[in-house]
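> Could you look at this predicted model? Sequence included:
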Amino acid sequence: APPFNMSLEMDHPVHLQRSLAAAKQRVTAAARIGSKKTKNRQTKGSKAHDAAQTGAAFGGSKLSAVRTLSCHAALGAVAALFVYTCGIGGFVATVVVGFLVTVAFATLDITNPLLRAMSFINTTLGQEAKRKINVDQWITGYNDLHQKDSDYIADGDKAGVEKRNSSYTTLVNAYYELATLFYEIGWGTSFHFATRRKNESFKESIKRHEYFLASKLGQNMAGKRIIDVGCGVGGPYRNIATFTGGDVTGITLNEYQVQRGNRLSAEDGLLSRCRSVQGDFMKLPFEDESFDGAYAIEATCHAPSREGVYSEIYRVLKPGSVLAMYEWCLTPKYDASNSLHRKIKKQIEEGDGLPDMARTTEIDDAVSAVGFEVLESRDVALDSLPGDISWYTPLTPSWNIFTQRFQFTGIGKWLTTKGLRLLELLRLAPAGTCKVQTMLLTGGEGCYRGGELGIFTPMYMCVVRKPLVERNGK
């Protein structure tokens with residue numbers, strides 16, 4: 001009944017609807033009631049992730065309109081206090097600013113911003129206790145791997161690489177232990193870039209980017225076993241499992257990401273079709289020829305050896321299966337003798353947990369060396385259409401205070417740094433949180449500057465296939 005009556009409501013002119021028989025009107029009314037109930041259930045399901053983040057601070061209870069309005073008003077009060085403290089204006093200006101900020105947050109329907117902030121604080125505080133880590137010690141150790149004996153300007157762009165390659169598990173695990181929460185709060189559960197088409201939202205662009213890569217795996221992947229190499233918290237594999245109908249297993253080195261990914265999959269009712277396991281993609285914990293397809297999205301750049309990780313993927317794929325991936329690469333425009341280019345390379349590696357960066361030609365050579373047949377390889381960042389928004393635009397500064405880009409402005413960096421230091425001082429965030437944010441900002445700056453100059457791409461697409469008959473004749 002609901003599909004019939006929904007189409008009836010949408011397709012029939014008003015005067016025809018009024019002339020329907022009383023029986024059909026009763027069916028329509030009943031369908032509307034059922035539709036409302038269905039929409040309520042769908043809304044609750046679509047907000048499950050938000051509730052997990054924002055409601056956790058208050059025990060996950062249903063948030064009332066009064067509480068949400070109070071959050072907006074509190075943000076207005078904070079803005080007013082800032083104006084008053086800085087002496088920017090008098091009493092009237094302070095009140096006006098507070099009112100406008102409150103109205104802006106309410107009008108833009110920014111969902112429970114204070115609760116998100118409280119959830120962030122609760123999670124960071126709980127992370128140290130539950131995960132038994134010390135954020136300040138971890139970020140200091142991480143920085144040592146990048147900043148000691150690593151003067152790219154003076155010593156070239158390979159300084160310190162050998163040490164980071166030998167310690168890659170420590171480097172990558174520490175990076176994602178510290179950065180995952182920041183990523184999820186500020187970016188979402190899919191930790192990758194995407195070019196945005198005209199009139200396309202950020203979330204839509206992320207999904208399209210994933211679907212495009214997944215389409216390279218084959219025409220019918222329903223029920224097939226797929227491996228996500230370097231899965232993060234599983235945002236891509238949940239989308240790709242839904243898109244392809246496949247059964248996706250994601251692997252990540254970091255235990256926190258495994259727990260978080262499986263929790264989100266369970267909340268979405270997808271745990272039977274996609275899940276995370278902990279492991280090193282340089283030593284995949286799977287049997288030979290056990291997967292029908294594989295993909296990696298901006299993940300294998302963390303490997304100390306491209307041939308090493310590609311050979312492991314080759315091993316677990318069935319003959320004839322496809323590996324599709326987006327790789328972080330230096331483009332042909334990168335000049336190792338250029339000090340600015342070297343500085344940008346260093347910023348990206350330091351801010352994104354990379355032992356070293358590869359050129360696009362190195363990717364093609366590595367997949368061929370382990371036995372794959374190259375079907376397609378190109379930089380899809382160059383596939384721009386008129387009106388597109390570049391992949392690095394979200395990392396560029398903007399004075400729009402209602403976007404995450406505001407934090408990249410001079411005043412935004414200052415406010416973020418001071419705010420995090422205040423949280424650390426009040427013991428509302430672990431010591432070292434500010435250092436983590438500084439590290440991430442360094443990586444963001446390197447990425448967007450590399451993108452602007454065209455010397456770096458996060459989406460060098462390489463689609464390869466394991467031959468049905470291997471070179472040794474098997």
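Everything's here; your move. Numbers count the residues shown, from 1 in each chain.
> Okay, now the unreliable bits of the stretch 51-200 of the chain?
Along the stretch 51-200 of the chain, the model assigns pLDDT under 70 to residues 51-133, 145, 147-171.
> Next one: the residue lying closest to residue 316 once chain neighbours are set aside from residue 227, what distance?
Closest residue in space to residue 316, ignoring its immediate chain neighbours: residue 286 at 4.7 Å, by C-beta to C-beta, 6 or more residues apart in numbering. Backbone N, C-alpha and C define where each C-beta goes, glycine included. Using C-beta to C-beta, to the nearest Å, we find residue 286 at a distance of 7 Å from residue 227.
> can you map out the strands along the protein?
225-229, 247-252, 274-278, 291-297, 317-330, 358-359, 373-379, 456-465 (DSSP state E).
> Output these as CSV; include the columns mean pLDDT and mean neighbour count.
As requested, those are exported to CSV (pLDDT from 0 to 100; neighbours: other C-beta atoms under 10 Å):
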stretch, mean pLDDT, mean neighbour count
strand 225-229, 98, 24
strand 247-252, 97, 24
strand 274-278, 97, 21
strand 291-297, 98, 24
strand 317-330, 98, 22
strand 358-359, 95, 17
strand 373-379, 97, 14
strand 456-465, 98, 24
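> Tell me, what's the model's pLDDT at residue 305?
As predicted, residue 305 sits at a pLDDT of 91.
> Return the residues in contact with the closest residue in space to residue 211 that isn't next to it in sequence.
Distances taken as C-beta to C-beta, 6+ apart put residue 243 closest to residue 211, at 5.2 Å, once the chain neighbours are dropped. Each residue near residue 243 by C-beta atoms under 8 Å, 6 or more residues apart in numbering is listed here: 210-211, 214.
> are any of those buried, and which?
With neighbours counted by 16 or more other C-beta atoms under 10 Å, these contain buried members at 210, 214.
> Relative to residue 198, which of the contacts of residue 243 is nearest.
Set against residue 198, the nearest of these by C-beta to C-beta is residue 211 (18.1 Å).
> Now do the closest one against residue 292, distance only.
From residue 211 to residue 292 the distance is 18 Å (C-beta to C-beta).
> Check residue 264 too.
Taking C-beta to C-beta, one finds residue 264 at 24 Å from residue 292.
> number of nearby residues for residue 361?
Burial of residue 361 is recorded as 12 neighbouring residues (other C-beta atoms under 10 Å).
> Would you check how far apart the nearest residue to it once chain neighbours are set aside and residue 382 are?
Excluding its sequence neighbours, the residue lying closest to residue 361 (C-beta to C-beta, 6+ apart) is residue 332, at 8.0 Å. Counting by C-beta to C-beta, the gap from residue 332 to residue 382 is 12 Å.
> what is in contact with those two at once?
Contacts common to residue 332 and residue 382, judged by C-beta under 8 Å, 6+ apart, are absent.
> which non-adjacent residue is nearest residue 278?
Leaving aside its chain neighbours, residue 278 sits nearest to residue 258 (4.6 Å; criterion: C-beta to C-beta, 6+ apart).
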